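**Q** When you get a sec, could you give me coordinates for this:
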Amino acid sequence: MDDIAGRILLIVDASVPAAARAACDDAAATLAQRAGMPVTLAAVPIETLDAVQPVVRRGLGQIRELDPPSVSTTGDAMGSAPFVWRRDGRPDWGAMWTTFCELALHGGPPQRGALQALRGPSIGDRAAASAPDIEAELRRGIEETTGLATEPAGPAEPGWIAITCASARMAAWLCATIILENVDARVEGPRLLVPAGPGFALEDQVKSVITVVAKTHHYWREHLESARETRS
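**A** Alright, predicted model coming up:
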């Protein structure tokens, strides 16, 4: 690369831990996607950074210092994973998460804060119907991340999606655990119902619903594996 004009340059201390470098990689990829510009991520020795700062501060440049948010015990929402897109412009739900934080059930941060809790529409509210594209994306995301079948909850329950679980017990456990994540849920036998509208946005409510379903399903499977190992 001979010229850095027309691109965004991010510089990081080469000695930071591997986890921090991975976070910088994610940030750079997200920035390139959102800004529509190339992003160069440079890992350089701290001595180089120290030498560059006076030069930047003397000119018209600006250096901003950003501290990590403080840890809160007041039920604040968990941090959001970077949004991952496929080449066709659709969300890549299957690649969105590689790990999940602890469940709110076990003391982890909930998916949404108490003031942003996601409530489902009242049963029978005809004005609560989901936008077709939003409903389709919710169903695709849930199916890609869990392998469970989905369908509209039914004409009497607009604004809800039904997920078919392996048992009523599984549906009940997922339902209770999702509610603790500050996302509404209901259960009807082996069917888990989650909200699908109205007025859902792809990178907000849609992502939250898919996240909590994928997260709780992950821990349900982990629970099953642990139970099998205990019996064997």
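**Q** averaged over its residues, what pLDDT does the longest helix seen in the chain have?
**A** Ranked by residue count and defined by DSSP state H, the top helix of the chain is helix 207-231. Helix 207-231 carries an average pLDDT of 82.
**Q** Pull the distance from that helix to the chain's centre.
**A** 16 Å (Cα atoms, centre = their mean, to the nearest Å).
**Q** what stretches of the chain score poorly on pLDDT?
**A** Within the chain, the stretches with pLDDT under 70 are 1-7, 19, 30-31, 33-36, 55-81, 225-232.
**Q** all helices of it, in order?
**A** For the chain, helices defined by DSSP H occupy the ranges 18-35, 46-58, 132-146, 168-180, 207-231.
**Q** Tell me which other helices or strands the longest helix of the chain touches.
**A** helix 132-146, helix 168-180, strand 191-195 (3 or more Cβ pairs under 8 Å, 6 or more residues apart in numbering; DSSP states H and E). Where you see a C-beta, it was placed from the backbone N, CA and C, and this is true even at glycine.
**Q** residues of the shortest one that come out buried?
**A** Going back to what we said before, that points to strand 191-195. Within strand 191-195, the residues scored as buried using 16 or more other Cβ atoms under 10 Å are Arg191, Leu192, Leu193, Val194, Pro195.
**Q** Now do it and helix 168-180, the angle between them.
**A** 20 degrees (axes from the mean of the first three to the mean of the last three Cα atoms, to 10 degrees).
**Q** domain ranges for the protein?
**A** Annotated domains of the chain cover 8-58, 102-231 [automatic domain parsing].
**Q** one step back: can I get the helices and strands packed on helix 207-231 in CSV including distance to Pro17?
**A** As requested, these are exported to CSV (distance: least, Cβ to Cβ, whole Å):
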stretch, distance to Pro17
helix 132-146, 29
helix 168-180, 32
strand 191-195, 37
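**Q** So which of these is nearest Pro121?
**A** When these are compared by Cβ to Cβ, strand 191-195 sits nearest Pro121, at 6.8 Å.
**Q** List the contacts of that closest one.
**A** For strand 191-195, the surrounding residues in contact (Cβ atoms under 8 Å, 6 or more residues apart in numbering) are 118-121, 138, 142, 153, 157, 159-165, 171, 174-175, 178, 183-187, 205, 209, 212-213.
**Q** repeat that for 6 Å
**A** Outside of strand 191-195, the residues within contact range by Cβ atoms under 6 Å, 6 or more residues apart in numbering are 120, 153, 160-163, 165, 171, 174-175, 184-186, 209.
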